[in-house]
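Asks: build me a model:
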Amino acid sequence: MEKRSSFSSSLGFVLAAAGSAVGLGNIWRFPYLAAKDGGGVFLAVYIVLALTFGFTLIVSEVSIGRKTKQSALTAYGKLDKRFSWIGFFSSLVPFMILPYYCIIGGWVLKYFTDFVTGHAADTAQDGYFTTFIMGYTQPIVFDVIFLGFTAFVVFCGVNKGIESLSKILMPVLLIFVIAIAIFSLTLKGTGDRSGIDGLKFYVIPSISGKSMHDLFIVLLDAMGQLFYSISVAMGIMVTYGSYFKDDENLMKSVNQIEFFDTLVAFLAGIMIIPAVYVFLGEEGMTAGPGLMFIALTKVFNQMGSVGAIVGAVFFFMVLLAALTSSISVLETVVASLIDSFGWSRSKSTIIETITALVISIIICLGYNIFYFEAPLPNGTSAQILDIMDYVSNNILMPVVAIGTCVLIGWIVKPKTVIEEATKNGEKFGRKYVYIAMIKYITPVLLFILLLGSFGIIK
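Replies: Now for the predicted structure:
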């Protein structure tokens, strides 16, 4: 059994954990959900949930990890053997996510390559994205490159790999996000629309024309987005918590992660929504998941020569965010193998990388050789990637989070987390909010979210 690594400082932990949280969920999914759900309304609901629902899950998982000094697979069983199943499911989530996350990371790498090699205009053509993902070779090649770099960082270890890279990438990422957000606000279209008009659409809540059902959907979307945004219910925060030193301030670090993640998600919306609004109007807000790969490329194309530069910077920034997240996903699986079987880091990384590669190739071929369309309970039509995303994010993650709430709220009691988080004399802010959330409110919200995933609530 290898000696357990630890982050060298609280800054290393915060940047690595924030790097995990700040991924495609913030930069890709957050803006299109905000656009779909009326901008400011979604934003207001999301911030309230981040300070309550999200905070509850993050502080619980980091505390579980630090207290047990175990990765997700074995940590829950250390608290109560009857809840070992949570560890299994929370480890199954990153195992399922890694292959298709690296495929999407490969898509980002492909678009970045197009923009820096002078093919930016091609990406704006109708059908370009569909033609690319249906190809037999390119999606696999870019997936292999992205997965290979992810594996290399994890292979190097917690300090020399994950922490060292996070200290470089996260500040760079933040600078790029701020720069593009400011640029987006300066845009003016051919009509009367401006970037500031797009900002108003994004940040000013308006419930005009929205029914109670519409507002309920906004609540479900915001809750679902938090799973993508803060890396909970997938073993990552438990694993990173196990590397967090006992004498560091856990509460302060959790608050910093919470702030950084929400800030980047908010800035991602400022980067994307005003630009789409200026060039495509409110119709562009309906692009959904295609917002980044389809709508935005058309926006960059309409900017003229400067669009190629802005697009290259944008996709490079998204690539950094995708990498920091994929690294944390792979690390979670690798740590579970090390803790459960006593394997070395190198053996665990190689075995999981090969496994993920095989699965990702099958998923890539799901857009050509293995193509099919399957209806999902939530009313959408799915291919292999969509099915794996649905099972991991819409079913397993709520189940893991509900199990965590039951374990902490009712079995080992909230004091277990509170005592761990304050064992150096720190103050546990939002203590009573935390107790109410972990015991009552969060599990109820999660159960409603789960019912929505099964199509029982629409």
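
Asks: make it CA atoms for all contacts and neighbour counts henceforth
Replies: OK.

Asks: list the buried residues in the top helix by length along the chain.
Replies: The longest helix of the chain (DSSP state H) is helix 305-341. For helix 305-341, a neighbour-count test (16 or more other Cα atoms under 10 Å) marks 307-339 as buried.

Asks: with just CA atoms, put the helix or strand just after it into CSV.
Replies: Downstream of helix 305-341, the next assigned helix or strand under DSSP states H and E is helix 345-364. C-alpha atoms of helix 345-364 as CSV (Å, rounded to 0.1, in the frame of the first residue of the first chain):
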residue,chain,number,x,y,z
ARG,A,345,-0.6,4.6,-8.6
SER,A,346,1.1,3.6,-11.9
LYS,A,347,-0.7,0.3,-12.2
SER,A,348,-4.1,1.8,-11.2
THR,A,349,-3.7,4.7,-13.7
ILE,A,350,-2.7,2.4,-16.6
ILE,A,351,-5.5,-0.1,-16.0
GLU,A,352,-8.2,2.6,-15.6
THR,A,353,-6.9,4.5,-18.7
ILE,A,354,-7.0,1.5,-20.9
THR,A,355,-10.5,0.6,-19.7
ALA,A,356,-11.7,4.2,-20.3
LEU,A,357,-10.2,4.1,-23.7
VAL,A,358,-12.0,1.0,-24.8
ILE,A,359,-15.3,2.3,-23.5
SER,A,360,-14.8,5.7,-25.1
ILE,A,361,-14.1,4.1,-28.5
ILE,A,362,-17.4,2.3,-28.3
ILE,A,363,-19.1,5.5,-27.4
CYS,A,364,-17.5,7.3,-30.4
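
Asks: run through who's touching helix 345-364.
Replies: Contact with helix 345-364 is made by 2, 95, 98-100, 102-103, 133-134, 136, 139-140, 143-144, 147-148, 151, 154-155, 157, 330, 333-335, 337-338, 370, 384-385, as judged by Cα atoms under 8 Å, 6 or more residues apart in numbering.

Asks: which of those residues are buried?
Replies: 95, 98-100, 102-103, 133-134, 139-140, 143-144, 147, 151, 154-155, 157, 330, 333-335, 337-338, 384-385.

Asks: can you show me the strands along this structure?
Replies: Counting by DSSP state E, the chain has strands at residues 374-375, 381-382.

Asks: okay, now the residue lying closest to Lys110 once chain neighbours are set aside: neighbour count?
Replies: Nearest residue to Lys110 in three dimensions, chain neighbours excluded: Phe142, at 6.5 Å (Cα to Cα, 6 or more residues apart in numbering). Per other Cα atoms under 10 Å, the neighbour tally for Phe142 reads 20.

Asks: show me what contacts Phe142?
Replies: Ile103, Gly106, Trp107, Leu109, Lys110.

Asks: now do Gln302
Replies: Phe279.

Asks: quick check: buried residues in stretch 179-198?
Replies: So, applying 16+ other Cα under 10 Å, buried residues of stretch 179-198: 180-181, 183-185, 187-189, 193-198.

Asks: among the residues you listed, which are in helices?
Replies: In helices, defined here by DSSP H, the members of the buried residues of stretch 179-198 are Ile180, Ala181, Phe183, Ser184, Leu185, Gly195, Ile196, Asp197, Gly198.

Asks: farthest pair within those residues?
Replies: Ile180 and Asp197 (16.6 Å; Cα to Cα).

Asks: tell me the pLDDT at the closest residue to Ile86 other than its chain neighbours?
Replies: The shortest distance from Ile86 to any non-neighbouring residue, by Cα to Cα, 6+ apart, is to Val400 (5.6 Å). pLDDT recorded at Val400 is 97.

Asks: and Val400, how close does it get to Ser91?
Replies: 10 Å (Cα to Cα, to the nearest Å).

Asks: ditto for Val232
Replies: From Val232 to Ser91 the distance is 12 Å (Cα to Cα).

Asks: can you check Ala382 too?
Replies: Distance, Ala382 to Ser91, by Cα to Cα: 24 Å.

Asks: for the two, indicate the residue with more neighbours.
Replies: With neighbours defined as other Cα under 10 Å, Ala382 and Ser91 compare such that Ser91 has more, 27 against 17.

Asks: contacting residues around that one?
Replies: Applying Cα under 8 Å, 6+ apart to Ser91 gives the contacts Ala72, Leu73, Met234, Gly235, Thr332, Val333, Ser336.

Asks: widest-spaced pair of those residues?
Replies: Between any two of those, the greatest separation by Cα to Cα is 12.0 Å, found for Met234 and Ser336.

Asks: now the buried residues of stretch 179-198 in TSV, with pLDDT?
Replies: Listed next are the buried residues of stretch 179-198 as TSV, based on pLDDT from 0 to 100:
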residue	pLDDT
Ile180	93
Ala181	93
Phe183	94
Ser184	94
Leu185	95
Leu187	93
Lys188	89
Gly189	78
Arg193	89
Ser194	92
Gly195	93
Ile196	94
Asp197	91
Gly198	90
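
Asks: pLDDT averaged over stretch 156-175, what's the number?
Replies: In the prediction, stretch 156-175 has an average pLDDT of 94.

Asks: for that stretch, list every residue counted as buried.
Replies: Residues of stretch 156-175 classed as buried under the neighbour-count rule (16+ other Cα under 10 Å) are 157-159, 161-167, 169-170, 173-174.

Asks: and for stretch 243-251?
Replies: Across stretch 243-251, burial judged by 16+ other Cα under 10 Å covers Tyr243, Phe244, Lys245, Asp246, Glu248, Asn249, Leu250, Met251.

Asks: same deal with stretch 424-443?
Replies: The neighbour-count criterion (16+ other Cα under 10 Å) identifies Glu426, Tyr434, Ile435, Ala436, Met437, Ile438, Lys439, Ile441, Thr442, Pro443 as the buried residues of stretch 424-443.
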